[in-house]
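> sequence? don't have it. structure:
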């Protein structure tokens, strides 16, 4: 299981050890693992052997990986559905598995996460400025909608959440 014809020439960890180290850092998709092992210089036959061994021990599962990725990135990074889809596709996850994992994401949870992001970004000084100068609302609106969209929230959801949040802060002192 080495990249050279003579196993004695290979220095460093075996492909199996390298795979286990990679999994020790975080779960990996099948595509990621193959790519990382190849980048470490292991030949395709060795990579295939390691992948078969990982499969035998149930250490690689794209469905579990995708489901956990969605849960984790949504909860801890407040990523929206669009960003999560792109991230999983970039990790080589099949479109059907991606959609299945995203189906577990509750639209109301996504809305709450977007609302929480807006609440964090809408500083007291901005609220004061909005109340003093309603004309500044458009600039704040565009900035907040853009921020949500960059995080992967749908445009329609971003517009709704920002509108509701700005309405709430500008009418709260009226």
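On my side now, so go ahead. The model shown is predicted, which means the values in this text are computed figures rather than measured ones. Numbers count the residues shown, from 1 in each chain.

> Could you use CA atoms for every contact and neighbour count after this?
Fine.

> in the helix or strand where residue 69 lies, what counts as buried?
Assigned by DSSP states H and E, residue 69 belongs to helix 62-77. Neighbour counts using 16 or more other CA atoms under 10 Å place 62, 63, 65, 66, 67, 69, 70, 71, 74 of helix 62-77 among the buried residues.

> Give the buried residues for the helix or strand encompassing residue 167.
Per DSSP H and E, residue 167 falls inside helix 155-171. Residues of helix 155-171 classed as buried: 157, 158, 159, 161, 162, 165, 166, 169, 170 (neighbour count, 16+ other CA under 10 Å).

> Now tell me what touches it from outside.
Applying CA atoms under 8 Å, 6 or more residues apart in numbering, the external contacts of helix 155-171 come out as 111, 114-115, 118-119, 127, 130-131, 137, 141, 144-145, 148-149.

> nearest to residue 30, of those?
Distance to residue 30 across these (CA to CA) is lowest for residue 149, with 28.9 Å.

> by contact count, what packs against the helix or strand of the chain with the lowest mean pLDDT?
Lowest by mean pLDDT, DSSP states H and E among the helices and strands of the chain is helix 124-132, with a mean of 82. Here helix 124-132 touches helix 155-171, going by 3 or more CA pairs under 8 Å, 6 or more residues apart in numbering; DSSP states H and E.

> Many thanks, have a good one.
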